[in-house]
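Participant: Sequence plus predicted model, see below.
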Amino acid sequence: MTRARARAQALEVLYEADSRSEPVGAAAGRRGDLDPYARDLVDGVAAHQAEIDGIIAGHSHRWELGHMPVIDRNALRLGLFELLWGDVPPAVAMDQAIELCKKYSTTEAARFVNGVLAAVAHERRLSGSAP
């Protein structure tokens, strides 16, 4: 499985857990077919979720975290995890989160996610940029 598909799987698990207001581990546990990279992403987001959500809240000036569309919120969580704790270049982490939004949400969501991730990357002086 490609990493892009693993990211989509991870997004599905995060979306399911968030939609059901349940722990991420419960949603992941129901997925017997979860790719190892997807599991690493899901576990990483779960481990850092409080910090990730704080970062999102601090950079989404007109959106409260709880009012964001579920898919957008979790694409941001996934993108921020990869950006800050992942093993891929920042530009890749950003681009992949944006692509998930384009595929599963809207162009406007992709622009919003790009803006938040770019602001965090700039603030943390991470190299690379998204398109």
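Facilitator: Cool, got the structure.

Participant: give me the number of residues near residue 53?
Facilitator: Residue 53: 16 surrounding residues under other Cβ atoms under 10 Å. Bear in mind the C-beta positions are built from the backbone N, C-alpha and C, glycine included.

Participant: List the contacts of it.
Facilitator: Shown in contact with residue 53 (Cβ atoms under 8 Å, 6 or more residues apart in numbering): 65, 77.

Participant: Which elements pack onto the least confident helix or strand in the chain by mean pLDDT?
Facilitator: Least confident helix or strand of the chain, by mean pLDDT, DSSP states H and E, is helix 24-29 with a mean of 88. With contacts defined as 3 or more Cβ pairs under 8 Å, 6 or more residues apart in numbering; DSSP states H and E, helix 24-29 has these neighbours: helix 3-20, helix 36-59.

Participant: so what does the helix or strand that the longest one is followed by touch, helix or strand wise?
Facilitator: The C-terminal neighbour of helix 36-59 among helices and strands, as given by DSSP states H and E, is helix 70-85. Of the remaining helices and strands, those touching helix 70-85 by 3+ Cβ pairs under 8 Å, 6+ apart are helix 3-20, helix 36-59, helix 90-104, helix 107-123.

Participant: buried residues in helix 70-85?
Facilitator: 71-84 (16 or more other Cβ atoms under 10 Å).

Participant: Export only the CA atoms of it, formatted as PDB.
Facilitator: Extracted C-alpha coordinates of helix 70-85, given in PDB (Å, rounded to 0.1, in the frame of the first residue of the first chain):
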ATOM      1  CA  VAL A  70     -15.100  16.700  10.900                       C
ATOM      2  CA  ILE A  71     -13.100  15.700   7.700                       C
ATOM      3  CA  ASP A  72     -11.300  19.100   7.700                       C
ATOM      4  CA  ARG A  73     -10.500  18.900  11.400                       C
ATOM      5  CA  ASN A  74      -9.000  15.400  11.100                       C
ATOM      6  CA  ALA A  75      -7.100  16.200   7.900                       C
ATOM      7  CA  LEU A  76      -5.500  19.100   9.900                       C
ATOM      8  CA  ARG A  77      -4.700  16.800  12.700                       C
ATOM      9  CA  LEU A  78      -3.100  14.300  10.400                       C
ATOM     10  CA  GLY A  79      -1.200  17.000   8.500                       C
ATOM     11  CA  LEU A  80       0.100  18.600  11.700                       C
ATOM     12  CA  PHE A  81       1.200  15.200  13.100                       C
ATOM     13  CA  GLU A  82       3.200  14.500  10.000                       C
ATOM     14  CA  LEU A  83       4.500  18.000   9.800                       C
ATOM     15  CA  LEU A  84       5.700  18.100  13.400                       C
ATOM     16  CA  TRP A  85       6.500  14.500  14.300                       C
END
